[in-house]
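Just a sequence and a predicted model for now, questions to come.
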Amino acid sequence: QQQQDEIIAILDQAKAIELNAIILQVRPSADAIYPSALEPWSEYLSGEQGRAPQVWYDPLQFWITQAHQRGLELHAWFNPYRAKTALSKANLSPQHVSNRKPSAVKKYGDLLWMDPSDADAATQTLNVIMDVVRRYDIDGVHIDDYFYPYPIKDAAGQEVDFPDEENWVRYQNEGGALARADWRRQHVNHLVENIAHKLRQEKSWVKFGISPFGIGRPDRLPPGITGFSQYDKLYADVELWLARGWLDYLAPQLYWPIDQPAQAFQVLQDYWTLQNTMARHVWPGLYT
């Protein structure tokens, strides 16, 4: 009841301040805030991964029903690759991907991460998303900036490479010709393209949106803009996704003040608008 009261309070406030959509995280770490045959119940509902709500209810369905009653769209937000964070306090369920398909999950610092180069990981994520699309009346599918994990550093201050050596060596032995960074980007591109394709086949009215890090490819940046390269570090080729028309909306994380020249909000907003050759929605993400 407390959870349902909290949901209603959030949605009442969203309506009162005249929002038109809610983006709800339904898959924080290869888990689910809804009944799923593919992944365990999220620990964030009960404190225990794999434990259903008691008294039983379907939180996602409750969110959708209550949002629609208030004229709000409900976009389901999925973390495509994250499997466990340092904030997680619960033991992993036997149904968690790290136990069901351990070869698809890598340890990276204090994270568990589904390896984007592993076919089982990509299939798992795609199946989870499409399961929700088929079973629920959601208005959008949303993913954010967590493709490959943000780099961590070792004790000497050197960046630690993501541990996908086994799949990389296999790719080379099979005659693969891409450089390693391009090979990584190719896997992320395939997932983004497949989500877009399957969504349009299944329910063409469901929007597909991504909210990536706000700075684009380093070889295209406007004069004066500097900062972290998601293209080189997260292997996210956002400009390609826009150019191919795979997205219905882009919500770049422009989390900087207008008067911060190296990451100037308006300059970056104009940059992403120029990349939007297929005339999709571009809605900048704000840091409140």
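Great, that's in hand. Numbering: from 1, shown residues only.

Tell me which stretches of the stretch 101-250 of the chain form strands.
105-108, 111-114, 140-143, 207-210, 249-250 (DSSP state E, counting those that start in this stretch).

just so I know, which of those lies nearest residue 21?
Comparing those by their distance to residue 21 (C-beta to C-beta), the top pick is strand 140-143, with 7.3 Å. From N, CA and C alone the C-beta is placed, and that goes for glycine too.

can you give me the helices for the protein?
Listed from the start of the chain, the chain has helices (DSSP state H) covering 2-16, 43-46, 59-69, 97-100, 119-135, 165-173, 180-202, 230-233, 238-244, 265-275.

Who are the packing partners of the longest one?
In terms of contacts (3 or more C-beta pairs under 8 Å, 6 or more residues apart in numbering; DSSP states H and E), helix 180-202 is packed against helix 119-135, strand 140-143, helix 165-173, strand 207-210, helix 238-244.

ok, now with 6 Å
Where contact means 3 or more C-beta pairs under 6 Å, 6 or more residues apart in numbering; DSSP states H and E, helix 180-202 is packed against helix 119-135.

which residues touch residue 152?
Listed by C-beta atoms under 6 Å, 6 or more residues apart in numbering, the contact partners of residue 152 are 109, 160.

ok so, going back, reformat the strands of the stretch 101-250 of the chain as JSON lines; add mean pLDDT.
Written out in JSON lines, the entries for the strands of the stretch 101-250 of the chain read as follows (pLDDT from 0 to 100):
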{"stretch": "strand 105-108", "mean pLDDT": "98"}
{"stretch": "strand 111-114", "mean pLDDT": "97"}
{"stretch": "strand 140-143", "mean pLDDT": "98"}
{"stretch": "strand 207-210", "mean pLDDT": "98"}
{"stretch": "strand 249-250", "mean pLDDT": "98"}
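
Could you dump those strands into TSV with distance to residue 1 and mean neighbour count added?
TSV is the format used below for the strands of the stretch 101-250 of the chain (distance: least, C-beta to C-beta, whole Å; neighbours: other C-beta atoms under 10 Å):
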stretch	distance to residue 1	mean neighbour count
strand 105-108	35	21
strand 111-114	33	23
strand 140-143	28	22
strand 207-210	32	22
strand 249-250	35	19
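
and of these, who's closest to residue 257?
The nearest among the strands of the stretch 101-250 of the chain, by C-beta to C-beta, is strand 249-250 at 21.0 Å.

So residue 142 is in contact with residue 78, correct?
No. With contacts counted by C-beta atoms under 6 Å, residue 142 stays clear of residue 78, the gap being 7.2 Å.

that older thread, would you mind giving the strands of the stretch 101-250 of the chain as JSON lines with distance to residue 158 added?
As requested, the strands of the stretch 101-250 of the chain are arranged in JSON lines below (distance: least, C-beta to C-beta, whole Å):
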{"stretch": "strand 105-108", "distance to residue 158": "15"}
{"stretch": "strand 111-114", "distance to residue 158": "18"}
{"stretch": "strand 140-143", "distance to residue 158": "29"}
{"stretch": "strand 207-210", "distance to residue 158": "30"}
{"stretch": "strand 249-250", "distance to residue 158": "33"}
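
quick one: buried residues of stretch 162-172?
Applying a neighbour-count criterion of 16 or more other C-beta atoms under 10 Å, the buried positions in stretch 162-172 are 162, 164, 167, 168, 171.

Pull up the gap between residue 241 and residue 128, please.
Going from residue 241 to residue 128 by C-beta to C-beta, to the nearest Å gives 20 Å.

again, but for residue 253
Residue 253 is 23 Å from residue 128, where distance means C-beta to C-beta.

repeat for residue 41
Relative to residue 128, residue 41 is positioned 13 Å away (criterion: C-beta to C-beta).

Okay, now the unreliable bits of the stretch 101-250 of the chain?
Low-confidence segments of the stretch 101-250 of the chain, defined by pLDDT under 70: none present.
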